[in-house]
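>>> just need the structure, nothing else, for what follows:
(2 chains)
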Amino acid sequence: GAVVSQHPSWVICKSGTSVKIECRSLDFQATTMFWYRQFPKQSLMLMATSNEGSKATYEQGVEKDKFLINHASLTLSTLTVTSAHPEDSSFYICSAPDRANYGYTFGSGTRLTVV
Amino acid sequence: QKEVEQDPGPLSVPEGAIVSLNCTYSNSAFQYFMWYRQYSRKGPELLMYTYSSGNKEDGRFTAQVDKSSKYISLFIRDSQPSDSATYLCAMIATGRRALTFGSGTRLQVQP
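Numbers count the residues shown, from 1 in each chain, chains lettered A, B, ... in the order given. All right, here's what the predicted structure looks like:
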């Protein structure tokens, strides 16, 4: 079946540094990638939608200069959290539409802790 | 008001019990409905997918949709300790591509 590989699975960084999260579609082409954030005991909230070859679309309230999204190819999308702060600590998950899995395949998530 | 409401639980049941999980929604544009299971610190995995009112069964799982009431349910029969996880309902509205999730219900099945 379709697989989205997400790395790293967890990361700890210092305040003020930047962290890059990668999502790769392993056996299908992902022209679109959805990026979600999930706080403890809360639901997945859509942050942005990336499209290969064009600028990402951000949801209301999400700072595009802080959460840089790059969809470099049909199999790779990255989310960079710039100048990270402790309040950015969260679980970040990517998801790509695919035909095999009723439309959506999720990455395994990245646990970001900013200290 | 949230577009999708889901009781966060936690819900604790004994092994073998029938579990009922529910979501309500307010946006009539939602046309496709899914249930995901999420283990701690993992990505969601799809359990059920429906797009019409009525019931859909898959093994121990039954998904029910009532579009007139804007209400969906997931039933788990003969629950097992391995079913202990967070269950998320998700929906797609006409004209959108991204999923809208409920807050998730945490289920604990006691052996």
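
>>> B:W35 and B:L47 touch, don't they?
Yes - counting by Cβ atoms under 8 Å, B:W35 sits close enough to B:L47 to count as a contact (4.6 Å). For every residue, glycine as well, the C-beta is placed using N, CA and C.

>>> spit out the residues that contact those two alike.
B:F61, B:A63, B:L74, B:Y87 (Cβ atoms under 8 Å, 6 or more residues apart in numbering or on different chains).

>>> for the helix or strand hosting B:C23, packing partners?
Using DSSP states H and E, B:C23 maps to strand B:19-25. Using 3 or more Cβ pairs under 8 Å, 6 or more residues apart in numbering or on different chains; DSSP states H and E as the contact test, the elements touching strand B:19-25 are strand B:4-6, strand B:11-14, strand B:71-76, strand B:85-93, strand B:105-110.

>>> comparing the ones you listed, which comes out most buried?
strand B:85-93 (a mean of 23; mean count of other Cβ atoms under 10 Å in any protein chain shown).

>>> quick one, it and strand B:19-25 angle?
With axes from the mean of the first three to the mean of the last three Cα atoms, to 10 degrees defining the directions, strand B:85-93 sits at 30 degrees from strand B:19-25.

>>> what's strand B:85-93 in contact with?
By Cβ under 8 Å, 6+ apart, strand B:85-93 touches A:43-44, A:103, B:3-4, B:6, B:21, B:23, B:25, B:27, B:29-40, B:44, B:47, B:72, B:74, B:98-107.
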